[in-house]
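Engineer: Sequence and predicted structure, then a few things I'm wondering about:
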Amino acid sequence: VCEGCGDCGTKSNCVAILPKETILGRKRQIDQSSCNKDFSCLEGFCPSFVSVEGAIIDKTTIKNFDFSNLTIPKLPKINQTFNLVVTGVGGTGVVTIGALIGMAARLEGKGVGVMEMAGLAQKGGAVHIHCRIAERPEDITAVRVSYAEADALIGGELLVSAGDKTLSLLNRSKTMAVCASNEANSGEFALDRNFLLPKDDMKLALAARLEEKNLQFVDATAIAKRFLGDTIYANVVLLGAAWQKGLIPLSMEAIKKAIWLNGTGVEGNLKAFDFGRRAIADSEKIFGSSQSNDENLINSDDMTAVISDRKKRLKDYQNDKLASKYEDLVVKVSGVDRKLGLAVAKGYYKLLAYKDEYEVARLHVTNLKTALSKEFKNGYKINFYFASSFMSRKKKDGEIKKIKFGSWAFYFLRVLALCRGLRGTIFDIFRYSEERIKERYLIKEYENDVSYFISIFSARSCDLMIERALIPLDIRGFGHVKNKSITAASEKRK
């Protein structure tokens, strides 16, 4: 149901709203592990949000792996001091890594100094933890790691790890690093729906600073989610990976005892440490098993795959007639230019499959219970949050106020989904609303523009035509949010 409009992030500015890549583009999802339950995201003008009462996050997915056969790595030597840097963002438990390392060092009778450099970092802000380990406490004269002095880097978040502040601490001749490859949220993503982190560039920046053999990326969040049922364990997964890679001059027994003494989520954190070890020792097995069960992303440049996927969706959305109408126009344009045809395949679908009341109902009925079963144990109550111009009152700022509906609404949605055959007919009670009229106008306008492009096509103007064909992808959201994007899209078309 989510359109990826970003209004939930604008309203809440919450780092628990994470990107979710889908076949139809980037959408939003809620990370249950970092959600603070203030529900401010519900203020976003979107019918995709549901809340669950009496829910228990399903954390019973710990898989049975035999970790006894994992090789014990050669631990690094301590030359006066061993200098370790940990990076991450506030609110994800990254500080726990520094605390566990510090405790493990003390348990071994070593000298240790830990400095947390959080600055203004609260939830979502950059965090640097400097840690020096020595055989004797008197060998540590300063805790802060200086320029090119780091022996190891544990990167809990890619953006912070690849920042200038972190890179300046690395030394190509000696620094080893294990970094999380997943994308965390940032303030920019919460406020800008189109914000993308340059992940490839950030990985390249780290690779340019370190020798290839000394740098390893691990998707700790995916491993924690898949095998432990909770992303809160991601940092301990990373700790285990770093230890197996030989980045920590402490015994496994000391680290595990530190986890036990910490007293929080002991069983899960011990498992997380072992899964991190396996991610390094047997990456093919662990990553082969941690693949998401979500829909596979098709190649967005494969014309045949895109058309086939969109046709199936349009058939489910309405009927075979609409799917055939879509295919006829796309094939016609593809005969003129394949790249333009691919652009039309994406843009035309976006307009045809506008999310009206029938489609929102169908998507909830088709997908909601399956999606919730992946996150929560049974025994919860669902609440929906809808806004309707027929029923809702307006807030002081002029926006329509959303109304909370209980689980009974699911049965109403089921009936509404079955009525989608009425869409566009004289019996469609929603067709006369201003929003539905605009959506039908946009379809007709797009068809006219594409027909005009076919008649005047030239290689010189192809790029401009492609840009116009993809404009519908910028039209996202519902109600007043969608109206704003339509206005911006119309200006861009001119």
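Structural biologist: That came through fine. This structure is a prediction, so every number in the text was calculated from the model and none was measured.

Engineer: going forward, measure contacts between C-alpha atoms and count neighbours the same way
Structural biologist: Fine.

Engineer: what's the distance between the closest residue to A345 other than its chain neighbours and I443?
Structural biologist: Of all residues not flanking A345 in the chain, V330 sits nearest, at 5.6 Å (C-alpha to C-alpha, 6 or more residues apart in numbering). Distance from V330 to I443, counting by C-alpha to C-alpha, to the nearest Å: 14 Å.

Engineer: With neighbour numbers in mind, choose between those two.
Structural biologist: V330 (24 against 18; other C-alpha atoms under 10 Å).

Engineer: what's in contact with whichever strand or helix holds that one?
Structural biologist: Assignment of secondary structure by DSSP states H and E places V330 within helix 320-334. Here helix 320-334 makes contact (C-alpha atoms under 8 Å, 6 or more residues apart in numbering) with 307, 310-312, 314-315, 340-342, 344-345, 348-349, 450, 454.

Engineer: With stretch 200-220 instead?
Structural biologist: Against stretch 200-220 from outside (C-alpha under 8 Å, 6+ apart): 158-159, 161-162, 167, 170-173, 175-182, 234-235, 237-238, 241, 276, 279.

Engineer: Which of the residues you listed fall within helices?
Structural biologist: Of those, the ones assigned to helices by DSSP state H are 158-159, 161, 167, 234-235, 237-238, 241, 276, 279.

Engineer: Assumed M115 was part of a strand.
Structural biologist: Yes. Under DSSP: H, G, I helix; E, B strand; the rest coil, M115 falls within a strand.

Engineer: For the stretch 301-450 of the chain, give me the ranges with low pLDDT.
Structural biologist: 389-392, 398 (pLDDT under 70).

Engineer: and with 80 instead?
Structural biologist: Across the stretch 301-450 of the chain, the ranges flagged by pLDDT under 80 are 374-375, 388-399.

Engineer: which residue ranges form the helices in it?
Structural biologist: Secondary structure of the stretch 301-450 of the chain by DSSP state H, counting those that start in this stretch: the helices cover 303-317, 320-334, 338-352, 357-375, 409-418, 434-456.

Engineer: What pLDDT is listed against A126?
Structural biologist: You'll see A126 listed with a pLDDT of 80.

Engineer: measure the residue lying closest to it once chain neighbours are set aside to K332 for me?
Structural biologist: Nearest residue to A126, sequence neighbours excluded (C-alpha to C-alpha, 6+ apart): V89, at 4.7 Å. Distance, V89 to K332, by C-alpha to C-alpha: 50 Å.

Engineer: Name the residue in those two with the higher neighbour count.
Structural biologist: The neighbour count for V89 versus K332, taken as other C-alpha under 10 Å, is higher for V89 (25 against 15).

Engineer: Isn't the more buried one up against G125?
Structural biologist: Yes. With contact defined as C-alpha atoms under 8 Å, V89 counts as touching G125 (5.1 Å).

Engineer: Next secondary structure after whichever helix or strand H128 is part of?
Structural biologist: For H128, the element it lies in under DSSP H and E is strand 126-134. Note on strand 126-134: by DSSP H and E, the next helix or strand toward the C-terminus is strand 152-155.

Engineer: So which elements touch that following strand?
Structural biologist: If you count contacts as 3 or more C-alpha pairs under 8 Å, 6 or more residues apart in numbering; DSSP states H and E, strand 152-155 packs onto strand 82-89, strand 176-180, helix 234-244.

Engineer: same for the helix or strand just after the first one, what does it pack against?
Structural biologist: Past strand 82-89, heading to the C-terminal end, the next element that is a helix or strand (DSSP H and E) is helix 94-107. With contacts defined as 3+ C-alpha pairs under 8 Å, 6+ apart, helix 94-107 has these neighbours: strand 82-89, strand 111-117, strand 126-134, helix 234-244, helix 252-262.

Engineer: Pick the most buried one from the ones you listed.
Structural biologist: Neighbour counts (mean count of other C-alpha atoms under 10 Å) averaged over each of those peak at helix 234-244, with a mean of 29.

Engineer: still on that earlier bit, generate a PyMOL selection restricted to the buried subset of the contacts of stretch 200-220.
Structural biologist: For the buried members of the contacts of stretch 200-220, the matching PyMOL selection, counting by 16 or more other C-alpha atoms under 10 Å, is:
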select buried, resi 158+159+161+162+167+170+171+172+175+176+177+178+179+180+181+182+234+235+237+238+241+276+279
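
Engineer: Near R136, how many other residues are there?
Structural biologist: R136: 13 surrounding residues under other C-alpha under 10 Å.

Engineer: Quick check on it: phi, psi?
Structural biologist: Torsion angles at R136 (phi, psi; degrees, to the nearest 10) stand at phi -130, psi 140.

Engineer: so how far is K203 from it?
Structural biologist: Using C-alpha to C-alpha, R136 is found at 36 Å from K203.

Engineer: ok, now W243?
Structural biologist: From W243 to K203 the distance is 21 Å (C-alpha to C-alpha).

Engineer: just K377 next, same as before
Structural biologist: Counting by C-alpha to C-alpha, the gap from K377 to K203 is 37 Å.

Engineer: Have a look at the two and say which one is more surrounded.
Structural biologist: Set side by side, K377 and K203 show more neighbours around K203, with 18 against 15, by other C-alpha under 10 Å.
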